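Engineer: The amino acid sequence is not available; the structure is as follows:
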């Protein structure tokens, strides 16, 4: 597995690298909950499984990040960080479950690590803790998504391509028979059109133009 790309938090602002940059907090409690070293060890182990080069988190970093979240959400609402990473996790799960995409083994392994940690009763920040619950899983997702950002972007483009084809044919997207290779072939055709066509730069592939040539 590759390392976390440098500057990855620019793609997902306020992410893992921002999390690391926080100043230490004096104690290791959050809203009356004492953070446990055992839970931190499990989180760091999951981080290493995602990427061996993941920095080692400390209780001070987690406590400081959690306290900042509590200060910003006195109403008890979840943080934007947690909500956005849950959405990305759902996208990763959809990608892995889509038979048309045939997800690489690396993504399935990342999801396995995240799901195993999320289901661990001894994890650091359980979901039922107000505001701070789920920040630990969100951190794992934030690391994972930096490693597969290109794959997610490609999958989103594939889904758009398949949906336009489905709409044109009047059938559900899952019944188009369009898979990853058909999408790649159509994309290559759009980027390298026959010379007899005068295609302007910036041509966007339209699935309707290739629908009957990729079946």
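Structural biologist: Received, thanks. Note that this is a predicted model, so its numbers are computed, not measured. Residues are numbered from 1 along each chain as shown.
Engineer: could you point out which element follows the longest helix seen in the chain?
Structural biologist: For the chain, the helix with the greatest residue count under DSSP state H is helix 149-169. Beyond helix 149-169 in the direction of the C-terminus, DSSP states H and E gives the next helix or strand as helix 180-191.
Engineer: so that next one versus helix 149-169, what angle?
Structural biologist: 90 degrees (axes from the mean of the first three to the mean of the last three Cα atoms, to 10 degrees).
Engineer: For helix 180-191, what is the distance to the chain centroid?
Structural biologist: Centroid displacement of helix 180-191 relative to its chain, using Cα atoms, centre = their mean, to the nearest Å, is 24 Å.
Engineer: Show me what it is packed up against.
Structural biologist: Under the contact definition 3 or more Cβ pairs under 8 Å, 6 or more residues apart in numbering; DSSP states H and E, helix 180-191 sits against helix 149-169, helix 207-210. From N, CA and C alone the C-beta is placed, and that goes for glycine too.
Engineer: any idea how the protein splits into domains?
Structural biologist: Following automatic domain parsing, one gets these domains for the chain: 8-147, 153-213.
Engineer: and residue 33, what is it in contact with?
Structural biologist: Counting by Cβ atoms under 8 Å, 6 or more residues apart in numbering, residue 33 makes contact with 129, 132.
Engineer: hmm, try it at 6 Å
Structural biologist: When contacts are counted by Cβ atoms under 6 Å, 6 or more residues apart in numbering, residue 33 touches residue 129.
Engineer: Just the pLDDT at it, thanks.
Structural biologist: For residue 33, the pLDDT comes out at 91.
Engineer: from the chain's centre, how far out does the longest helix of the chain sit?
Structural biologist: How far helix 149-169 lies from its chain's middle: 17 Å, per Cα atoms, centre = their mean.
Engineer: Many thanks, have a good one.
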